[in-house]
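# only geometry, no sequence info:
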């Protein structure tokens, strides 16, 4: 047996690799977006804190405190909603990849019922498709 062929992943390993790579890519894009929003919000809060230091002559901070409390609540809600959306997109991507890998695995195993020239051709196409998806979805 050729030692190069023994190192190549099986169809199931290739399908699992597709799922892991696509999930990492989707999660990475969404995570960067959430982190960007968090950094912008925190920089805004830091700027507002510097502005408040210069307002020492104001006698009544009650209205300002209420406004900031409302802003903090809105920040918390928007952060929670953003995290929820990221998690939903991650789950959808994971489910899509698992479904595609399962369908490809079914095609590969159903080809066992075909006569030899067609069986090898279908199985080779399935494996090459899985490898192509892994290579295209990589970082």
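Yep, that arrived. Quick caveat, the model's predicted, so the values are computed rather than measured.

# Could I get the full set of helices for this protein?
3-7, 11-53, 62-110, 116-136 (DSSP state H).

# and these as a markdown table, adding mean pLDDT and mean neighbour count?
Every residue, glycine included, has its C-beta placed from N, CA and C. Written out in a markdown table, the entries for these read as follows (pLDDT from 0 to 100; neighbours: other CB atoms under 10 Å):
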| stretch | mean pLDDT | mean neighbour count |
| --- | --- | --- |
| helix 3-7 | 45 | 7 |
| helix 11-53 | 62 | 14 |
| helix 62-110 | 90 | 13 |
| helix 116-136 | 88 | 15 |
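
# how near is residue 78 to residue 92?
Between residue 78 and residue 92 the computed distance is 21 Å (CB to CB, to the nearest Å).

# actually residue 66, not the one I wrote
When distance is defined by CB to CB, residue 66 is 39 Å away from residue 92.

# and the nearest residue to residue 75 once chain neighbours are set aside, what is it in contact with?
Nearest residue to residue 75 in three dimensions, chain neighbours excluded: residue 41, at 5.6 Å (CB to CB, 6 or more residues apart in numbering). Residues in contact with residue 41, defined by CB atoms under 8 Å, 6 or more residues apart in numbering, are 75, 78-79.

# closest to residue 130 among the residues you listed?
Of all those, the one sitting nearest residue 130 is residue 79; the distance, using CB to CB, is 37.9 Å.

# wait, what's in contact with the closest one?
In this structure, residue 79 makes contact with 37-38, 41, judged by CB under 8 Å, 6+ apart.

# ok, those vs residue 116, which is closest?
Using CB to CB, these come closest to residue 116 at residue 37, 56.9 Å.

# what's the closest non-adjacent residue to the closest one?
Distances taken as CB to CB, 6+ apart put residue 82 closest to residue 37, at 6.3 Å, once the chain neighbours are dropped.

# Identify the residues contacting the one you found.
Contact criterion CB under 8 Å, 6+ apart gives 33-34, 37 as the residues in contact with residue 82.

# can you tell me how far it sits from residue 89?
Computed with CB to CB, the distance linking residue 82 and residue 89 is 11 Å.

# Also residue 122?
Using CB to CB, we find residue 122 at a distance of 33 Å from residue 89.
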